[in-house]
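Q: need coordinates for the following:
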Amino acid sequence: MADEVQEMEMTLRNKYGMHVRPAGLFAKIASRHSSAITVTKDGNSVSGKSIMALLTLEAVCGSVLTVRAEGPDAEAALQDLAALVERKFDLPDEQ
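A: Numbers count the residues shown, from 1 in each chain. All right, here's what the predicted structure looks like:
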């Protein structure tokens with residue numbers, strides 16, 4: 001089966017954006033998938049599986065991220081990541 005390529009825009013709605021805790025949760029979920037995950041903001045693209053790389057995006061609340069997954073489980077990876085972002089990273093102090 002050929003690799004799938006899927007892309008989705010996600011808007012950060014948690015109070016403090018992509019800081020260490022959300023970046024860690026995002027990278028953890030991305031790493032569960034075999035697909036390559038790339039996150040782009042303002043023309044800068046980084047690996048979605050790297051906490052440090054995600055932090056370099058300086059994505060605040062309201063930032064729109066383009067998340068691209070390429071691999072056999074691309075659709076599932078994007079669904080899992082979109083659900084995490086929609087739930088505001090499950091951080092009660094950022095709801």
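Q: which parts of the chain are strands?
A: Taking DSSP state E as the test, the strands found in the chain are 4-11, 36-41, 44-47, 64-71.
Q: as CSV, the ones you listed with mean neighbour count would be great.
A: No exception for glycine: its C-beta is placed from N, CA and C like everyone else's. Output for these, formatted as CSV (neighbours: other Cβ atoms under 10 Å):
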stretch, mean neighbour count
strand 4-11, 14
strand 36-41, 20
strand 44-47, 14
strand 64-71, 18
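Q: can you list the weak-confidence ranges in this structure?
A: 1-2 (pLDDT under 70).
Q: again, 80 this time
A: For the chain, the stretches with pLDDT under 80 are 1-2, 95.
Q: returning to that earlier point: of the strands of the chain, which approaches Asp90 most closely?
A: Nearest to Asp90 among the strands of the chain is strand 4-11; the distance by Cβ to Cβ comes to 15.1 Å.
Q: what about that closest one, distance to the chain center?
A: 9 Å (Cα atoms, centre = their mean, to the nearest Å).
Q: which other residues reach it?
A: Under the contact criterion Cβ atoms under 8 Å, 6 or more residues apart in numbering, strand 4-11 has outside partners 35, 62-75, 77-78, 81-82, 85.
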